[in-house]
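predicted model follows, preceded by the sequence.
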Amino acid sequence: MIARLFIQTIIWLIAMGAVLFGAAGTLAWPAVWLYLLEVGVLGLWVGLWLARYDPALLAERMSMFVQPAQSRWDKRFMLGAAISWLGWFVLIGVDARRLHSHAMPGWLNVCGALAIFISIVATRAVFRANSYAAPVVKIQAERGHTVIDSGPYAYVRHPMYSAAMLYLVGTPLMLGSWWGLVCVPLMVAGLGYRAVLEERTLNAGLEGYAAYAARVRYRLVPHVW
């Protein structure tokens, strides 16, 4: 499983680098090299931690993003998300290296790297609390799926999406793309849309989820929504 983790991580890093460098038209973009290094090292850190403490969840996280047990609407969502992610990376590459429309201050690049770091560390906290944090929306009856209300789930119902918002903000900041940053509210809205539909699936198929949702009022941001 660890060998598969390294292989998938390398493939993902190569794919991201190919899109960003291809859109930029140059390999001379230090921010991307640092971005890939940070994402790769932290991703492997979380993956190796899972391999030791929760290999079943690691297997789920490394599975395909389209699965037989997955909700039909989520299959469509994941396809749209993949296309949007690709377009976003292309936009970031073109904006940051070809257009050079508005330079971004270096301190914002540092803030972006910090946001990505916090996002991945927070995701590890989600994995520690929730062994059923699969990448797709489905009821994992074969794994004894139950409601999780501890750790970050005591504060928001979708803490992984909360962490993902930091990643979405951090990426264009670290890479120096204002247009990439402009797209973030739309992507956050997409996360919110998925959270609402995911809750419908969980309410219908996971015992106790409705009571949990009544106790924990907020989906993504405490005291906001």
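Yep, it's here.

shaky segments in this structure?
Filtered on pLDDT under 70, the chain yields the residue ranges 101.

swap the cut-off to 90 and go again
1-3, 59-75, 97-104, 133-146, 204-206, 223, 225 (pLDDT under 90).

show me where it has its helices.
2-24, 30-53, 55-61, 72-93, 106-129, 159-175, 178-182, 184-205, 209-215 (DSSP state H).

buried deepest among the ones you listed, which one?
helix 159-175 (a mean of 23; mean count of other Cβ atoms under 10 Å). C-betas here are computed from N, CA, C, even on glycine.

counting contacts, what elements does that one pack onto?
Secondary-structure packing of helix 159-175 (3 or more Cβ pairs under 8 Å, 6 or more residues apart in numbering; DSSP states H and E): helix 30-53, helix 72-93, helix 106-129, helix 178-182, helix 184-205.

how about the residue most central in space within the chain, nearest residue that isn't a chain neighbour?
The structure's the chain has its C-alpha centroid closest to residue 164; by Cα atoms, centre = their mean the separation is 4.4 Å. Nearest non-adjacent residue to residue 164, counting by Cβ to Cβ, 6 or more residues apart in numbering: residue 191, 6.2 Å away.

ok, now residue 218?
Residue 218's closest residue in space is residue 156 (Cβ to Cβ, 6+ apart), at 5.1 Å.

what about that neighbour, how many neighbours?
By other Cβ atoms under 10 Å, the residues close to residue 156 number 20.

I'd like the numbering to begin with 47 instead of 1 from here.
OK, 47 is where the count begins now, so the last one is residue 202.

would you confirm that it contacts residue 268?
Yes. In this structure, residue 202 is within contact of residue 268 by Cβ atoms under 8 Å, at 6.1 Å.

now residue 171: closest residue in space that isn't a chain neighbour?
Closest to residue 171 by Cβ to Cβ, 6+ apart is residue 198, at 5.7 Å.

give the contact list for that neighbour.
Contacts for residue 198 (Cβ atoms under 8 Å, 6 or more residues apart in numbering) come out as 168, 171-172, 175, 205, 208.

farthest pair in these?
Farthest-apart pair in the contacts of residue 198 is 175 and 208; separation 12.8 Å (Cβ to Cβ).

correct me if wrong: residue 90 contacts residue 53.
No. Look at residue 90 against residue 53 with Cβ under 8 Å: they stay out of range, at 11.5 Å.

quick one on the thing from earlier: which among the contacts of residue 198 gets closest to residue 49?
Looking across the contacts of residue 198 and measuring by Cβ to Cβ, the closest to residue 49 is residue 172, at 25.0 Å.

among the helices and strands packed on helix 205-221, which is nearest residue 192?
helix 230-251 (11.1 Å).

tell me the angle that closest one makes with helix 118-139.
Inter-element angle recorded for helix 230-251 and helix 118-139: 160 degrees (by axes from the mean of the first three to the mean of the last three Cα atoms, to 10 degrees).

quick one on the thing from earlier: export the contacts of residue 198 to TSV and tack on distance to residue 159?
Shown next, in TSV, are these (distance: Cβ to Cβ, whole Å):
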residue	distance to residue 159
168	15
171	19
172	21
175	25
205	21
208	19
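
list the contacts of residue 157.
Counting by Cβ under 8 Å, 6+ apart, residue 157 has contacts 216, 219.

ok, it to residue 111 distance?
Distance, residue 157 to residue 111, by Cβ to Cβ, to the nearest Å: 30 Å.

before we move on, what about residue 256?
Using Cβ to Cβ, one gets 27 Å for the distance from residue 256 to residue 111.
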